[in-house]
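Undergrad: Build me a structure from this.
(one chain, ligands or ions: 2)
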Amino acid sequence: MAQTPLSMEPTGWYQVAWSHEIAVGDVHRMTYFSRDMVAWRSASGKISVFDAYCEHLGAHLGYGGRVEGENLVCPFHGWQWNEQGRNVCIPYEKRPNRGRRIRSYPAVERNHAVWIWFDTASRPPYFEVPDVFTAFGDDASDADNYYAPIPGGTLFHERLELHPQYIMENGVDFAHFKFVHETPFMPEFTRHDFHGPVSYVDFTIAFEQGATLESASSGVYSVNAGLGCSVTKSWGMVENRTMPAVTPVDESTCDVRFTVWIGKKPGEEDATELTKYGKVMSDLVIDQFDRDVEIWSHQRYSDPPALSQREFKGFTALRNWAVQFYPEGDSTYGRDPTRPESGAIVPLHPSATAATA
Ligand code: FES
Ligand SMILES: [Fe+2]
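TA: Residues are numbered from 1 along each chain as shown. Ligands and ions are numbered 1, 2, ... in the order given. Purely as a prediction, here's the structure:
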């Protein structure tokens, strides 16, 4: 096993659960970023995520804590905490302790998932979790055109020894597709845009044997919001969207979640659940992702890596982009709109041009 030298506290959005795992009234225990946390859903349905320990005398709110209306009630002495983590009631005093607050994390629900914003400097979120249906600016973006991904279109691995950046590096690693995913040719990147904290990586890819780069008319678009969160959309092949998410648990491990939406086939437009066809297709997509996970979870981070000539530009751009998310990095790096686009790749063949137009 090879522990990563990279910080396990990069700034960004991280998936901590799927929404359906936390029902109204649930207080869900979890550990991320080496912190014990609770995620709880209020009576009105709002998700909040707190550090797990009560600010009064330190009871763990995930053991016996309960939701009352819009507040979380500690099991030890009944103090009540609102969605911002502020104390709003001490049952045996006239007034609450207004100054005291449990650390809460900005939380959003998007794409069937619960995300928290993590930042060691406690800055508010400065980018968003992309919506898997609207992030690509296409008209066909409608959840109804896809089978529901929960629960059959998901993959969950707990506490793997890897780092979120390893997954992002896939976005510049054209050579691995042939060897890990058995594609008939090495994909060609049609877009590398590492301007801001949200980056865009598009490539041409095909899986049928015999396909060539010149003949290929399929590919993938991906939007990467920080290091922990991405969404992808395929074109020219089985319609699918995916959402890989990697969340640090402690100094050496991460939880990996993957959600797959498969486009409904003709005749199944009314399906409310994953059909047999949908399940077969999503298993194929999940299998491809799992092949990467097998590599990532045993990989040692190579720095500096022994890059081939063709790999140099893309990996350098990706690693420079990643620096902005690390606590020791310059937080403004990569957010300067005047910075020249790094790793820019010009489309070389017509199908790629048409698809990105
Ligand atoms: S420890 Fe939570 S109310 Fe006392
Ligand atoms: Fe891959």
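
Undergrad: next one: phi and psi at residue 290?
TA: phi -70, psi -30 (degrees, to the nearest 10).

Undergrad: How about it: what's its closest non-neighbour residue?
TA: If you skip the residues right next to it in sequence, residue 290 has residue 155 as its closest partner in space, 6.6 Å away by Cβ to Cβ, 6 or more residues apart in numbering. Where you see a C-beta, it was placed from the backbone N, CA and C, and this is true even at glycine.

Undergrad: got the residues of the chain near ligand 2?
TA: 170, 292 (Cβ under 5 Å from the ion).

Undergrad: Name the helix or strand for residue 72, please.
TA: strand 71-73 (DSSP states H and E).

Undergrad: Just give me how far the following helix or strand past that strand sits from the chain centre.
TA: The first helix or strand that comes after strand 71-73 along the chain, using DSSP H and E, is strand 80-81. Relative to its chain's centre, strand 80-81 lies at 30 Å (Cα atoms, centre = their mean, to the nearest Å).

Undergrad: which residues are in contact with strand 80-81?
TA: 50, 54-55, 61, 68, 71-74, 87-89, 91, 96, 102 (Cβ atoms under 8 Å, 6 or more residues apart in numbering).

Undergrad: Say whether ligand 1 is contacted by it.
TA: No: judged by Cβ under 6 Å from any ligand atom, strand 80-81 stays clear of ligand 1, getting no closer than 8.7 Å.

Undergrad: what's the answer for stretch 34-41, then?
TA: No: using Cβ under 6 Å from any ligand atom, stretch 34-41 stays clear of ligand 1, coming no nearer than 12.3 Å.

Undergrad: So which bits of that stretch are buried?
TA: Using 16 or more other Cβ atoms under 10 Å as the test for burial, stretch 34-41 gives 37-41.

Undergrad: Is it possible to get JSON lines of those that adds secondary structure and pLDDT?
TA: Shown next, in JSON lines, are the buried residues of stretch 34-41 (DSSP: H, G, I helix; E, B strand; the rest coil; pLDDT from 0 to 100):
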{"residue": "37", "secondary structure": "strand", "pLDDT": "98"}
{"residue": "38", "secondary structure": "strand", "pLDDT": "98"}
{"residue": "39", "secondary structure": "strand", "pLDDT": "98"}
{"residue": "40", "secondary structure": "strand", "pLDDT": "98"}
{"residue": "41", "secondary structure": "strand", "pLDDT": "98"}
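
Undergrad: tell me which of these is nearest to residue 283?
TA: Of all these, residue 283 sits closest to residue 39, with 28.6 Å by Cβ to Cβ.

Undergrad: How about the contacts made by the closest one?
TA: Contacts of residue 39 by Cβ under 8 Å, 6+ apart are 16-17, 22, 27-28, 30, 47-49, 107, 114.

Undergrad: pLDDT weak spots in the stretch 151-300 of the chain?
TA: Counting by pLDDT under 70, the stretch 151-300 of the chain contains no low-confidence residues.

Undergrad: out of the contacts of strand 80-81, which touch ligand 1?
TA: Answer for the contacts of strand 80-81 near ligand 1 (Cβ under 6 Å from any ligand atom): 54, 74.

Undergrad: Farthest pair within the contacts of strand 80-81?
TA: The distance between the two most remote of those (Cβ to Cβ) is 19.3 Å, for 50 and 91.

Undergrad: Which residue of the two possesses the greater neighbour count?
TA: residue 50 (27 against 10; other Cβ atoms under 10 Å).

Undergrad: Is that one within a helix or a strand, and which one?
TA: Assigned by DSSP H and E, residue 50 belongs to strand 47-51.

Undergrad: Need phi/psi at the residue in the chain that ligand 2 sits nearest to.
TA: Using Cβ to the ion, the single residue of the chain nearest to ligand 2 is residue 292, 4.0 Å away. Geometry field for residue 292 lists phi and psi as phi -70, psi -40, criterion degrees, to the nearest 10.

Undergrad: send the alpha carbons of stretch 115-123 over as CSV?
TA: C-alpha atoms of stretch 115-123 as CSV (Å, rounded to 0.1, in the frame of the first residue of the first chain):
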residue,chain,number,x,y,z
TRP,A,115,-22.7,17.1,-1.2
ILE,A,116,-20.8,19.1,1.4
TRP,A,117,-18.4,22.0,0.8
PHE,A,118,-15.1,21.5,2.6
ASP,A,119,-12.5,24.2,2.9
THR,A,120,-9.9,24.4,5.6
ALA,A,121,-10.0,28.2,5.4
SER,A,122,-13.8,28.2,5.9
ARG,A,123,-14.4,30.2,2.8
